[in-house]
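S.K.: build me a model from this:
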Amino acid sequence: MTTQTSNRVLVVDDESDIVALVAYHLAKAGYRVSTASTGADALALARQERPGLIVLDLMLPGMSGYEVLEQLRVDPSMQDVAVLMLTARREEADRIRGLSLGADDYLTKPFSPQELVLRVGAILRRVTASPVGNDALAVGPIRIDRAAHRVTMDGNDVDLTPTEYKLLVTLAERRGRVQARGHLLETVWEAAPDIQTRTVDMHIQRLRSKLGAAGELIETVRGFGYRIRGTVQSRTA
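M.R.: Below is the predicted model of the structure:
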């Protein structure tokens, strides 16, 4: 199997001018870029090249970007690949659907190529960030190995997207303290706090679902944000 390469980006869009524009700016920023114009080609290339991130248009012919995203997230070998979705639709429901399927971030068309490059960089920094301090955290039955970017529940692996993982680590490191949605956007997404906070809510919802009963440890503080409760222990790996 090809090892995942954090500086490799796969751009998927059926509009050749957009592909050329995005590929040019990403390559100029130092990324190794591959391109695809269909969902089937995107999945084949992703499995072959193991990119660190996929820029995925949601309105593809035949297999939609939503279907591509679903297949990526159920494939154990591809679950850690980050996804930045592109959508021409500005309705909140479209963004929510993409986020609920496991996208890490989104941009609406038309977009600034410079902003896209910045978003790609922010997501990949989350994926490759080095742990600070002790390598492991224990939150109830949840074990977080920050050196290996691995989460387990009662010894069983929990498959999280890069953003879900970073969100869990952020809450665990600041246990007992309420984290405002705007602050989480700045910390986890490296985004300005005025970006829609629904992004945070959807990722919290997915994270709780994946953690099962332990998802109840993540509390909603109405009108403000979230916190993780219970005793959190730091451990050396």
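
S.K.: only C-alpha atoms from now on, for both contacts and neighbour counts.
M.R.: Fine.

S.K.: shaky segments in this structure?
M.R.: 1-6, 90, 127-134, 191-196, 230-237 (pLDDT under 70).

S.K.: helices along that one, start to end?
M.R.: Listed in chain order, the helices found in the chain under DSSP state H are 16-28, 39-49, 65-74, 92-100, 113-128, 162-173, 181-188, 198-211.

S.K.: which of those helices sits closest to residue 217?
M.R.: Closest to residue 217 of the helices of the chain, according to Cα to Cα: helix 198-211, at 8.5 Å.

S.K.: show me what that closest one is packed up against.
M.R.: Judged by 3 or more Cα pairs under 8 Å, 6 or more residues apart in numbering; DSSP states H and E, helix 198-211 is in contact with helix 92-100, helix 162-173, helix 181-188.

S.K.: who touches that helix?
M.R.: Contact with helix 198-211 is made by 96, 99-100, 102, 105, 153, 158-160, 163-164, 168, 181, 184-185, 214-216, 218, as judged by Cα atoms under 8 Å, 6 or more residues apart in numbering.

S.K.: show the buried residues in those.
M.R.: Among the contacts of helix 198-211, those scoring as buried are 96, 99-100, 102, 105, 153, 158-160, 163-164, 168, 181, 184-185, 215, 218 (criterion: 16 or more other Cα atoms under 10 Å).

S.K.: follow-up on the earlier one: now the helices and strands packed on helix 198-211 in TSV, with distance to residue 35?
M.R.: Below are those laid out as TSV (distance: least, Cα to Cα, whole Å):
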stretch	distance to residue 35
helix 92-100	20
helix 162-173	22
helix 181-188	27
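
S.K.: please consider this matter closed, and thank you.
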